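S.K.: How does the following fold in three dimensions:
(2 chains)
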Amino acid sequence: MPSQYHHSIRFDAERCDGCMSCMRACPTGAVRVRRGRAAKLADRCIDCGECIRVCPRSAIVPLTDQMDDLSKFDYTVAIPSPALYSQFDVDTPPGVIVAALKQCGFNDVECLSPACDAVTTATEMFLDSYRGQFPLISSFCPTVVRLVQVKYPELVDQLLPILAPREISARAAKERKSKECGIPQERIGAVYITPCPGKVVSMLEHPGMERSYLDTAVSISDLFPTLSAAVARVGDGEPDLSRGETASGISWTYMGRLPRSLPAENTLPISGLRNVMRILDDVEKGRLRKYVFIECHACAEGCVGGCLTVENPYVARGKAIKLSQRLPSGPAIDRDTVARSYREGAYFMDEPLASRPLRPLADDIASAIVKMKERERILASLPGIDCGACGAPSCRAFAEDVVLDEAEQALCVFSWQREVFERINDLARLVSLQRPADGGKR
Amino acid sequence: MAADEFENGYEVTGRDFANAGRVSTAIKDTLKGLGIQAPIVRRVAIASYEAEMNLVMYATHGKIRLIVSSESITLRVEDEGPGIEDISMAMQEGYSTATAEMREMGFGAGLGLPNIKRNADEFEITSQVGRGTRLQIRVYLPA
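M.R.: Here you go, the predicted model:
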């Protein structure tokens, strides 16, 4: 079935040896190993990248651009995730990395901090007037947005309807550059320097937006070798520090407390997709209503833990904290200006976020009930040890695949073994029936 | 079970706080698999969670049965436990017999039963002091 979903992860069948590491790591049960090769179920995959982390053969490839691909634009603006800065030594100031990015071939670099500050303020303003269900769920991590749309459809209305800083930053950069250089906005490429594949999906699907202001993404891990060489070169020269980052911008990349004006007891910062899922399960059940805001990051510790980074997330987090202590505290943007833009609607998504629930067992409830009963019957006949040998991550997932005609029960080695034993028993009985009374002795 | 109904039973052990909430998660996942509309899943999820927590907090042992037909979702909750002395009091928001320990864990706000009722289209409760409590709720599905 063709999927209406875009993806930013590709499985390379040539490299895959069917080891099932990705299948076991996938938090949404989106991987099946069939005929010795891993494949993803497009409607279940949320592009979190957990499979990329665990694949021992680099057979799972993020669909980010390479630097060579950027020649399709007349002018390029790099928008680095602030997680980029914590990949380098703490003594390398962001200004040097910005200058090095330009040496790598970007025409300009737009720092994210002003947009981060604007979004923090806009979020605080929104919370002041919000009268819906609590807690509100942060929408800055695109993987979390996708997770809610797919697995927690009843919570989409609780996602914060404010644009992510990267989008606001890309919009501002395009407007300014177009004016400064006389290039039409559509010829300017806004390139996100990304720590994860999730941002690529959010550009392709632009949830809550008519379109994304970002055009493409280059991964931190792909860029790192070239960039670190450039950083070494810039080190001796004079870095461009005109539009730098601020402490508050850097602090967006690790799990913390956004928005900061709320008392800590009203907010809940969570990182790691499985932890986020546990919390969303609780929100669905009506727990956690006393929290105003839950800040969810799909990756451990936040964007510093992205699967397309090079530094250990905990080390990167330490560096980010140190860095934000050294940088000016911000905000990098004037509060009154933000308030004015907020009232004009500049920070809001264009349209409500839509849910995209997983396909049920059948389209009508009566048929779904029949299939659910069938699933339970099959599940009861399976060993329940989630061995994965059938190519599904759990017996439950396998039972569902069988019901949906996507797998055959014979793929379960235990079902298969039981059948062989039964045949052997039948055969033994047959043999005993036909054996002569003297036991065949002559 | 009737041919056109889906039915599943779940056991809940009193004071098993470590596993508290698992049953309502399983119920919620089943309803999603059946393609039940999100707002209805949410109502049943809230009601089943509150019911499950009541079993964990007050009962020694309990069972929750989920019955889904094309018309409605039914939850039947039965427990062996102390029972409820005064049901009309228990139905009042803010009334709770929770211990300090339960309150410490964030429960016992006296919203459990009222919250279950609020999310149900039909609500029946009977209780025998010293024996246990039976609760049945039904949520209608749109035709």
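S.K.: so where is chain B shaky, pLDDT-wise?
M.R.: Chain B contains residues with pLDDT under 70 at B:1, B:108-111.
S.K.: Quick check: phi and psi on the residue of the stretch 1-150 of chain A found nearest chain B?
M.R.: With Cβ to the nearest Cβ as the measure, residue A:133 is the residue of the stretch 1-150 of chain A nearest to chain B, at 9.6 Å. C-beta: built from backbone N, CA, C; applies to glycine. The phi and psi values for residue A:133, taken as degrees, to the nearest 10, are phi -80, psi 150.
S.K.: Could you say which helix or strand holds the most centrally placed residue in chain B?
M.R.: Nearest to the mean C-alpha position of chain B, by Cα atoms, centre = their mean, lies residue B:51 at 2.4 Å. Assigned by DSSP states H and E, residue B:51 belongs to helix B:38-58.
S.K.: need the next SSE after that helix, C-terminal direction.
M.R.: Assigned by DSSP H and E, the successor of helix B:38-58 is strand B:61-68.
S.K.: about what we covered before: using CSV, write out every CA atom in the helix holding residue B:51.
M.R.: Provided in CSV are the C-alpha atoms of helix B:38-58 (Å, rounded to 0.1, in the frame of the first residue of the first chain):
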residue,chain,number,x,y,z
ALA,B,38,-9.8,9.3,19.3
PRO,B,39,-12.1,11.3,21.6
ILE,B,40,-13.9,8.1,22.6
VAL,B,41,-10.6,6.2,23.2
ARG,B,42,-9.6,9.0,25.4
ARG,B,43,-12.8,8.9,27.5
VAL,B,44,-12.5,5.1,28.0
ALA,B,45,-8.8,5.5,28.7
ILE,B,46,-9.5,8.0,31.5
ALA,B,47,-12.3,5.9,32.9
SER,B,48,-10.4,2.6,32.8
TYR,B,49,-7.3,4.3,34.4
GLU,B,50,-9.3,5.7,37.3
ALA,B,51,-11.0,2.3,37.8
GLU,B,52,-7.7,0.5,37.6
MET,B,53,-6.1,2.9,40.2
ASN,B,54,-9.1,2.4,42.5
LEU,B,55,-8.4,-1.4,42.4
VAL,B,56,-4.7,-0.9,43.0
MET,B,57,-5.3,1.5,45.9
TYR,B,58,-8.2,-0.1,47.7
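S.K.: Does that helix pack against any helices or strands, and if so which?
M.R.: Other elements packing on helix B:38-58 under the criterion 3 or more Cβ pairs under 8 Å, 6 or more residues apart in numbering or on different chains; DSSP states H and E are helix A:273-284, strand B:6-13, helix B:22-33, strand B:61-68, strand B:72-80, helix B:112-118, strand B:132-140.
S.K.: Throw these into a markdown table and include distance to residue A:310, thanks.
M.R.: Formatted as a markdown table, the helices and strands packed on helix B:38-58 follow (distance: least, Cβ to Cβ, whole Å):
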| stretch | distance to residue A:310 |
| --- | --- |
| helix A:273-284 | 21 |
| strand B:6-13 | 46 |
| helix B:22-33 | 36 |
| strand B:61-68 | 48 |
| strand B:72-80 | 49 |
| helix B:112-118 | 48 |
| strand B:132-140 | 50 |
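S.K.: Identify whichever of those lies nearest to residue A:28.
M.R.: Nearest to residue A:28, of all those, is helix A:273-284, at 8.3 Å by Cβ to Cβ.
S.K.: wait, what's in contact with residue A:100?
M.R.: A:227, A:230, A:231, A:233, A:234 (Cβ atoms under 8 Å, 6 or more residues apart in numbering or on different chains).
S.K.: And for residue A:374, the neighbour number?
M.R.: 15 (other Cβ atoms under 10 Å in any protein chain shown).
S.K.: what's the burial count for the residue nearest to residue A:311 when sequence neighbours are not counted?
M.R.: Once flanking residues are discounted, residue A:311 sits nearest to residue A:87: 4.8 Å by Cβ to Cβ, 6 or more residues apart in numbering or on different chains. Neighbourhood size, residue A:87 [other Cβ under 10 Å]: 23.
S.K.: Thank you, goodbye.
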